[in-house]
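Sequence first, then the predicted structure:
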Amino acid sequence: MSGATEDQGRRSFVSRALRSRETGIILALIIMVIGLSVFAPDFATPDNFLNDSRNFSFVGIVVLGQAMVMITGGIDLSVGSVWGLSAVSSAALMNAGMGTIPACVLALLIAAAFGLFNGLCVTKLRMPPFVPTLATMSIARALALVITRGHSIDGFRPDDSPFFNLGGGAIFGLPNPFIIFVVLSVIASLVLSRSVYGRQLYAVGGNERAARLTGLEVDRLKISVYVISAVLAGVAGIIEVSYLSSAISNQGLGKELSVIAAAVIGGTNLTGGEGTILGVFIGAVILEVLRNGLVLLGTDAYWQGVFVGSVIVLAVFIDQVRKGFWRTR
Amino acid sequence: MSGATEDQGRRSFVSRALRSRETGIILALIIMVIGLSVFAPDFATPDNFLNDSRNFSFVGIVVLGQAMVMITGGIDLSVGSVWGLSAVSSAALMNAGMGTIPACVLALLIAAAFGLFNGLCVTKLRMPPFVPTLATMSIARALALVITRGHSIDGFRPDDSPFFNLGGGAIFGLPNPFIIFVVLSVIASLVLSRSVYGRQLYAVGGNERAARLTGLEVDRLKISVYVISAVLAGVAGIIEVSYLSSAISNQGLGKELSVIAAAVIGGTNLTGGEGTILGVFIGAVILEVLRNGLVLLGTDAYWQGVFVGSVIVLAVFIDQVRKGFWRTR
Amino acid sequence: MTVLLSVQSISKGFPGVQALRDVTFEVETGTVHAIMGENGAGKSTLMQVIAGALKPDSGRLIFDGEPLTLSGTRDAAAKGISIVFQELMLAGNLSVAENVFLGVEPRAAGVLVARAEMRTRTKAALARMGIAIDPDQRLGELTIAQQQLIEICKSLVHDPRLLILDEPTSSLSEADALVLFRVVHDLKANGVTILYISHRMREVFENCDTVTVLRDGRHVRTVRLAETDQDEVVRLMVGRDLAGVQRVRPTGAERPIVLSVRDLGDDKRYNGISFDLREGEIVGLAGLIGAGRSELALGIFGAPPPRHGSITLDGKAITIGKPGDAMRMGIGMVPEDRKQQGLVLGLGVGTNLTLSAMGLGHISSLGFVRPGDESRMIRGYVDRFRIKTPSVEQLVGLLSGGNQQKVVLAKWLATKPRVLIVDEPTRGVDVGTKAEIYTLMRELAHDGLALLVISSDLPEVLTISDRILVMRGGVLAGEIPFDEASEERIMALAALEHAEPGDPGAKPPMTYGEAEARS
Amino acid sequence: GHAQAAEKKVFALVPKALGVPFYADAETGCEAEAAKIGATCLFTGPAQLDDAAQISIIRDLITRHVAGISVAPNNPDSIKNVIAAALKKGIPVITFDSDSPTSKRIAFVGTNNESAGATAGEEFAKALPNGGTYAVLTGGLSAQNLNDRIAGFKSKLGPNFKEVTGSPYACDDDSNKGVQVIQDILAKNPKLDGIFYSGGWPMFAPAAYAKALKNRAADLKAGKFVVVSFDTLTPQLKLLKEGLATVLVGQRPYAMGTGSIDELNTLSNGGTVPKITDTGTDVVTSANVDSFLAKAK
Ligand SMILES: Nc1ncnc2c1ncn2[C@@H]1O[C@H](COP(=O)(O)OP(=O)(O)OP(=O)(O)O)[C@@H](O)[C@H]1O
Ligand SMILES: Nc1ncnc2c1ncn2[C@@H]1O[C@H](COP(=O)(O)OP(=O)(O)OP(=O)(O)O)[C@@H](O)[C@H]1O
Ligand SMILES: [Mg+2]
Ligand SMILES: [Mg+2]
């Protein structure tokens, strides 16, 4: 986050790595991967990794936006529903004969409108972020229902349409959603750590009043993150439509919890001012590896929620231990 | 919240009422009730009111605990799942031949254990409340699944068992769940506004560090609210089992959002230190009146989410306007 | 005189910092005992150890002849030791009475709060201190000064034999501080021993009996104030002689007017304010707490903008709608509360330092930071301001108050402003750093910056200002040229007809002279 | 893993979501049949109705090299690719409960939801020969199987049937809410002629359900008010016997579970199975309720 200082305090790589926010969860991930490789022989296969990499990309893309929202001290509960709405609306628009690109752009604009609404409520009407995003969670899901009236939308593109490549295709053997996720992550990471905008987001989350008195356009910054979060949820929805080659109103249902869980596992602080893209990236990967691993291990399906819950607590616990929480009491 | 001052600044009843936190939402509720009475002739009937009064009681009972958690600055996402778990486990225990009272007590103890876990994570491990309660949300739901393995549990009591009176019966024509809700509300209201314990909760939410350094047992206070919240979720679950005379693993599914919505509509502040029982009571009523009203008005089912979301934003907006948020910028 | 408290070989370390090393001294019964030292010397840590808020790593306390082991602040209070912390420790969402009795609520039926009793006892306690505040008022609605008094009232509920006051006056103006000293002397007369921390030298010499000086966590000396003088205490604190900052007469040359303010008002806190600020000039803005100075400064800065009046910068009329506008036009403001308003405590020193300059594109291209330029800028200011920090990545919240203040100043200078408004530049800052900050401001003025310095510290206003504006009750009460400036002149203008009827916690009317006579 | 597969075949049964009693019955059947033939039934599915999650799970099962997969697709279209992928790896895939006819799945075991819905519609029309107003109660508005049932149901209603405004009403698969909605429907439409439940949710809460219907119980018993519900679980049978429902239409999840295992076992041994196996529909009325109740005991 902070610039390098060449002259003073040059720490050894090891101590720097240990100090880094992400060490705890990277460690947790490594332990999981090793354990699964040993106990589930099918886990450490290229095919499985490729599957995983596609699967975590959807939640991963959304988590990037959520992380930005959380860095400013907010939360966005509407991502799952916006995901569903833009999935459904892009498919419906294509179904109505609109071209692929206009349809997707329009669907993303609809998503952005929801983000804008959330942002305006949080800034201009000064509502706690929970309120408008809970409301848009309900509204966007309802609109997705209204559009589909409960039916699935399919056959909106010929089967060989390049649109389906977006989610279903691969480049150099890597699934496209994964590539998109990685590219977006790199951009988000650069923006957060290197750009003026990103730095200002941290300041807003760290101390909003000080940020305002430092001349930052706090409202505009906050609105922007809700829009970004909504648009990324929309992107995930559209890629998922392309992958599934059909759209249904409950796409993305409940995904806000996975997204928030991934962000939290990734060390994003719910009170703002803290969080990195590397962290949430790993957070998204952990959740998927866990899900995948439980199936491969043949765990009783009913017990899986117990493991997921335990891992969430454990990952955060490891992170707390690394930060040495018990010393500063 | 502040007591009457006999000697000075005796304010007129009207100005006092206007100043009160709840005016905004009581107003919103009154507007809704009047509107519905006019447009939905079946709304203002005793039968309908009695039905409503039973329906909002389940969420209402849980919201009492959630409000206490929020007053200390926390949040409890696990209530819906704990609700389901205690419903299922009480039924399973009775099914296994245990007596009604031991079974219910044991189910409540299980619920309390979850609350204790949340509380310990928040205090001793200093996790943000989102984390452990998100985890227990997943864990408790999974355990409910494990217990039922997806089946419903019924026939665990003879049809004429007094147990079914708890949720299904009525006293003086008023449904028992409603009576329980009102009694619990009165107790909670007294505790929060009059008892030392209650006032200390507000202090913890208002300034935790100050509370700690003033010698309050902050950790114990916080743990207690999570336990109370979990136990009340358990109570709702058991009453629901009694009402439904059967238990299924997805009872209470997603209810955490209704509960939080009711609390937020009721003016409870997510950052702690603010909230009243009267407020959340009204919040729970508003949500049910809205649901009931939309059906009675014959609203298209697909659009209902839009209305629910809009009312959440609107209720909070009215509250903000009352507080005169635009003046203090 | 008998010894009430004996501190024996107390040591206390935090991760990376040894805050106290082997501190030993004694406090006599019925005295007002000052603790002095630079920022970070360990004063607050020592007080927290004595009050049971921290456990010492080694050493022991003897209180009233008995060894003292404390399990917490409540235990300490029960044993007769109360503390008023450096930061306010109140819950703004509760009433005054509830705050006063937090943790020791009078009970009815075992579990309920006996509200009537609590109210009457609070009222009595407040009356004893000579303050008229409604016990049912929400604490958050009170001014900082009133809250500070409530804080003291809260500690008196336990009838302490030893009362610790950790920088109680750092956010009080002189007149408000006098009210506090009246309370302190009353308590002393009733046999209460007081441990008193302050960075204000004169305050200590006027009100205390003994002083203990700490430096770098070590006990330097405990001495009766009658047997020492200010220079010696400063020497003990800093470890060397400190050249006093002298008043410097303005050159008298008419420099061009940079900022001109006409008839500024927000209808509430300030009204009809008009003044000019010239290039290279330091103008002091004095007044009592609540005079509206900070609100005026925020108004000029657009947070929120004033309702009436006009602002002219370099002869051109400007409108400032928000702090960002002011920043772009070359106006900077160092706010009075550095922790709440000035710094992002959870970010690094460097990040804080470049935060406002970054928004102006000084060290970025196409929206991305140029790392080389950034670290050059950071290093430049860290060196120039001699900011003491282990690294520029250190979280700013871990620096001492004085160094934090320097970071805020540096942050604004990095935007290369034409006008800088500085609100309480040395609040909670030790003497050595104070001198450094004064020198810095002089240098900046010399380079052509126009400075408006708001301060409640009279010697500070006098020392630093080329001329002094005085505010009272939201209006400009007058202007004092360099040659006529004196504390009496300032107070005469500032305190006249002080209490306004609208002020919720109006203290009994008291002029500066009156209060001094009483103390 | 591979070693296990050599000893004991693992067949996977993938429901639309966990926690649904209907699929729990299928699981019971699956396990009983698997035990009989010395194989293992792996019952696993998404926590919520989520087609992407279901696809991920099937991909994981492919990775695990299970001996066969029987799936109840959440979405007949999006499931196609993963079915093809499994077949390419030599893993036989069949569908149960709901079908994906355009996919490469080898067979389907179950009653088509639409045709089961049509059965319900026929019964409804039979009970109300003169037509009338009716309402539909469903679980989630976006659940494909329920929507299929409703579509089938409506296809058998003549022009003299009229659906009330606001219908279909959703209860989110929540019994309590199902009862609440019925109260609301009856309050708004006191003259309603019939209700169709696309699943048995309100009837899983017998006491509350009975109370909600108390104003119309007499009409119901007299045949002037008609209730047709999906599912034939024990509490529903009891309610029917008490006269609080007219007709129950049930699919046979248990048979779907056993059938799935049988067919997968045959397929994995290189045999062939019929393209569509109809597990049949139970139609319960007051005439035959006793025999069903006896079976349920
Ligand atoms: N909780 C803590 N964790 C880590 N370091 C701490 C903590 N509290 C204090 N310190 C450090 O201990 C040292 C002594 O701090 P202390 O607050 O006692 O100083 P002080 O003399 O009161 O300074 P000031 O005049 O600024 O109030 C400082 O270096 C400070 O940074
Ligand atoms: N938002 C607010 N609500 C209520 N009172 C306020 C608010 N802001 C400021 N005040 C009060 O208005 C008065 C003027 O405040 P201001 O801070 O401008 O005075 P000041 O002269 O700068 O005093 P200080 O020395 O405390 O900075 C004070 O009594 C202050 O507490
Ligand atoms: Mg200190
Ligand atoms: Mg001020």
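Perfect, thanks for sending it. A quick note: this is a predicted structure, and the numbers were derived from the prediction, not measured. Numbers count the residues shown, from 1 in each chain, chains lettered A, B, ... in the order given. Ligands and ions are numbered 1, 2, ... in the order given.

residues in contact with the residue in chain C that ligand 3 sits nearest to?
Nearest residue of chain C to ligand 3: residue C:44, at 3.0 Å (Cβ to the ion). The C-beta positions use only the backbone N, C-alpha and C, and glycine is treated the same way. Residues in contact with residue C:44 (Cβ atoms under 8 Å, 6 or more residues apart in numbering or on different chains) are C:85, C:86, C:166, C:197.

how about a cut-off of 6 Å?
By Cβ atoms under 6 Å, 6 or more residues apart in numbering or on different chains, the contact set of residue C:44 is C:86, C:166.

Which strand or helix spans it?
Applying DSSP states H and E as the criterion places residue C:44 in helix C:43-50.

mean confidence for that helix?
Across helix C:43-50, the average pLDDT comes to 93.

what's the next secondary structure element after it?
Moving toward the C-terminus from helix C:43-50, the next helix or strand (DSSP H and E) is strand C:58-63.

which residues are contacting that next one?
Contacts of strand C:58-63 (Cβ under 6 Å, 6+ apart): C:5, C:6, C:8, C:9, C:10, C:11, C:67, C:68.

Tell me how far it lies from the chain's centre.
Centroid separation for strand C:58-63 versus its chain: 31 Å, with Cα atoms, centre = their mean, to the nearest Å.

Sheet-wise, list the partners of it with their directions.
If you go by DSSP bridges, strand C:58-63 pairs up with strand C:3-14 (antiparallel), strand C:66-68 (antiparallel).

What residues of it count as buried?
C:59, C:61, C:63 (16 or more other Cβ atoms under 10 Å in any protein chain shown).

Alpha carbons only: can I get it in PDB?
Provided in PDB are the C-alpha atoms of strand C:58-63 (Å, rounded to 0.1, in the frame of the first residue of the first chain):
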ATOM      1  CA  SER C  58       7.300  -5.000  37.100                       C
ATOM      2  CA  GLY C  59       7.400  -2.800  40.100                       C
ATOM      3  CA  ARG C  60       4.800  -2.000  42.700                       C
ATOM      4  CA  LEU C  61       2.600   0.700  44.000                       C
ATOM      5  CA  ILE C  62       2.100   1.600  47.700                       C
ATOM      6  CA  PHE C  63      -1.100   3.500  48.400                       C
END
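
what about that strand, average pLDDT?
93.

quick one, that strand and helix C:43-50 angle?
Orientation check (axes from the mean of the first three to the mean of the last three Cα atoms, to 10 degrees): strand C:58-63 against helix C:43-50 gives 70 degrees.

coming back round to it: looking at the strands paired with strand C:58-63, which is buried most?
Neighbour counts (mean count of other Cβ atoms under 10 Å in any protein chain shown) averaged over each of these peak at strand C:3-14, with a mean of 18.

Now whichever helix or strand comes after it: buried residues?
Using DSSP H and E, the helix or strand that follows strand C:3-14 towards the C-terminus is strand C:17-28. Along strand C:17-28, these residues count as buried under the neighbour rule (16+ other Cβ under 10 Å): C:19, C:20, C:21, C:23, C:25, C:26, C:27, C:28.

In TSV: these, plus distance to chain A and pLDDT.
Listed next are the buried residues of strand C:17-28 as TSV, based on distance: Cβ to the nearest Cβ, whole Å; pLDDT from 0 to 100:
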residue	distance to chain A	pLDDT
C:19	13	89
C:20	17	93
C:21	20	93
C:23	22	95
C:25	28	94
C:26	31	94
C:27	28	94
C:28	34	93
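
ok, these vs ligand 1, which is closest?
residue C:19 (3.5 Å; Cβ to the nearest ligand atom).

and the closest one, what is it in contact with?
When contacts are taken as Cβ under 6 Å, 6+ apart, residue C:19 is in contact with C:12, C:42, C:45, C:217.

rerun that using 7 Å as the cut-off
Contact analysis of residue C:19 by Cβ atoms under 7 Å, 6 or more residues apart in numbering or on different chains lists C:12, C:13, C:42, C:45, C:217.

do residue D:262 as well
Residue D:262 neighbours (Cβ under 7 Å, 6+ apart): residue D:33.

Show the backbone phi and psi for the residue of the stretch 101-250 of chain D found nearest chain B.
Closest to chain B within the stretch 101-250 of chain D is residue D:205: 3.4 Å, counting by Cβ to the nearest Cβ. Per-residue torsions, residue D:205: phi -120, psi 70 (degrees, to the nearest 10).

Roughly how far does the nearest residue to it once chain neighbours are set aside sit from residue B:145?
Leaving aside its sequence neighbours, residue D:205 sits nearest to residue B:244 (Cβ to Cβ, 6 or more residues apart in numbering or on different chains; 3.4 Å). Separation of residue B:244 from residue B:145 (Cβ to Cβ, to the nearest Å): 18 Å.

Number of residues surrounding residue A:124?
By other Cβ atoms under 10 Å in any protein chain shown, 12 other residues sit near residue A:124.

tell me the pLDDT at the closest residue to ligand 2 within the stretch 51-200 of chain D?
Here the stretch 51-200 of chain D gets closest to ligand 2 at one residue, residue D:172, 45.2 Å apart by Cβ to the nearest ligand atom. We note a pLDDT of 83 for residue D:172 in this prediction.

where's the residue nearest to residue D:202 when sequence neighbours are not counted relative to residue D:198, distance?
The shortest distance from residue D:202 to any non-neighbouring residue, by Cβ to Cβ, 6+ apart, is to residue D:178 (3.6 Å). Separation of residue D:178 from residue D:198 (Cβ to Cβ): 11 Å.

Same question for residue D:171.
Distance from residue D:171 to residue D:198, by Cβ to Cβ: 10 Å.

again with residue D:247
14 Å.

Have a look at those two and say which one is more surrounded.
Remark: of residue D:247 and residue D:198, residue D:198 carries more neighbours, 27 against 21, as counted by other Cβ under 10 Å.

For the more buried one, give its distance to ligand 4.
67 Å (Cβ to the ion, to the nearest Å).

Residue A:81 too?
46 Å.

That residue: what's it in contact with?
Residue A:81 touches A:136, A:137, A:140, A:141, A:252, counting by Cβ under 7 Å, 6+ apart.

ok, these vs ligand 1, which is closest?
Closest to ligand 1 out of the contacts of residue A:81 is residue A:137 (39.7 Å), distances taken as Cβ to the nearest ligand atom.

If you tally nearby residues, what's the number for the closest residue to residue C:267 other than its chain neighbours?
Among residues not flanking residue C:267 along the chain, residue C:307 sits closest, at 5.5 Å (Cβ to Cβ, 6+ apart). If you count neighbours by other Cβ under 10 Å, residue C:307 ends up with 12.

Residue C:307 contacts residue C:266, doesn't it?
Yes: here residue C:307 lies in contact with residue C:266, judged by Cβ atoms under 7 Å, at a distance of 5.1 Å.

can you tell me which residues contact residue C:457?
Taking Cβ under 7 Å, 6+ apart, we find residue C:457 in contact with C:200, C:426.

Please determine how far the residue lying closest to residue C:10 once chain neighbours are set aside is located from residue C:15.
Counting by Cβ to Cβ, 6+ apart, residue C:59 is the residue found nearest to residue C:10 once chain neighbours are left out, at 3.7 Å. To residue C:15, residue C:59 is 19 Å away according to Cβ to Cβ.

Would you tell me what helix or strand whichever residue of the stretch 1-150 of chain C sits closest to chain B is located in?
Using Cβ to the nearest Cβ, the single residue of the stretch 1-150 of chain C nearest to chain B is residue C:74, 2.7 Å away. Using DSSP H and E, residue C:74 falls within helix C:73-78.

So what touches whichever helix or strand comes after that helix?
Downstream of helix C:73-78, the next assigned helix or strand under DSSP H and E is strand C:81-84. For strand C:81-84, contacts defined as Cβ under 7 Å, 6+ apart pick out C:47, C:50-51, C:73, C:151-152, C:155, C:158, C:160, C:162-166, C:168.

Any regions of the stretch 101-250 of chain C where pLDDT drops low?
Along the stretch 101-250 of chain C, the parts satisfying pLDDT under 70 run over C:242-244.

Alright, calling it a day.
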